[in-house]
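Asker: Show me how the following folds:
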Amino acid sequence: MSASLRVQEVATRFAVNADTVRHYVRIGLVQPGKDDSGYHRFNDEDLKVLGFILNARELGFTLDDIRQLLDDAGRGESPCPHARELIELRLSQARQKLASLESLVRRMEDATRAWEDMPDCEPCGEHICHLIEGAQHES
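Answerer: Sure thing, here's the model as predicted:
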């Protein structure tokens with residue numbers, strides 16, 4: 001049986017916000033037809049593409065990455081080699097982001113400990129918040 005679902009029905013099926021589905025349509029990643037009333041109607045192929053997009057997003061692929069992979073498949077080429085290449089790049093970027101976040105957490109923990117016994121101050125024109133302005137930040 002062929003699906004012919006509206007945006008809200010598709011969103012419910014995939015447990016995403018309807019605006020997410022509309023965004024993917026707006027940027028052309030999925031291209032459902034329209035019914036006589038002008039509503040987008042998603043068929044089985046559209047649902048397959050949307051499922052692919054959502055799975056790829058869960059793996060950290062960007063929308064540009066996904067467009068490239070869909071284009072590969074649309075040309076009859078296997079997107080798998082390109083997917084391997086892109087996921088290595090996204091993995092490297094995620095590791096860098098994680099290291100940066102871990103560094104931020106350490107700075108926040110250091111500040112929390114340093115501020116425990118420091119008094120609060122009223123604004124005096126010399127500073128806004130002496131806790132923040134007096135903090136030593138690591139690069």
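
Asker: in what helix or strand does the closest residue in space to Leu59 that isn't next to it in sequence lie?
Answerer: Residue nearest to Leu59 in three dimensions, not counting chain neighbours: Ile87, with 6.6 Å by C-beta to C-beta, 6 or more residues apart in numbering. C-beta coordinates here come from the backbone N, C-alpha and C atoms, glycine included. Using DSSP states H and E, Ile87 sits in helix 80-115.

Asker: Could you identify the helix or strand that succeeds that helix?
Answerer: helix 130-133.

Asker: buried stuff in that next one?
Answerer: His130 (16 or more other C-beta atoms under 10 Å).

Asker: try stretch 97-111
Answerer: Quick answer for stretch 97-111 (16+ other C-beta under 10 Å): Ala111.

Asker: and it, how far from the chain's centre?
Answerer: 21 Å (C-alpha atoms, centre = their mean, to the nearest Å).

Asker: quick one: average pLDDT of it?
Answerer: Stretch 97-111 shows an average pLDDT of 97 in the prediction.

Asker: One more: stretch 70-87?
Answerer: In the prediction, stretch 70-87 has an average pLDDT of 97.

Asker: So which bits of it are buried?
Answerer: 70, 72, 79, 82-83, 86-87.

Asker: pLDDT weak spots in the protein?
Answerer: 1-2, 135-139 (pLDDT under 70).

Asker: For the residue sitting nearest the centre point of it, grab phi and psi.
Answerer: Note on the chain: the residue nearest the mean C-alpha position is Arg57, at 6.6 Å, using C-alpha atoms, centre = their mean. Backbone geometry at Arg57, expressed as degrees, to the nearest 10, gives phi -60, psi -40.

Asker: Go ahead and confirm it touches Asp65.
Answerer: No. Judged on C-beta atoms under 8 Å, Arg57 makes no contact with Asp65 at a distance of 9.5 Å.
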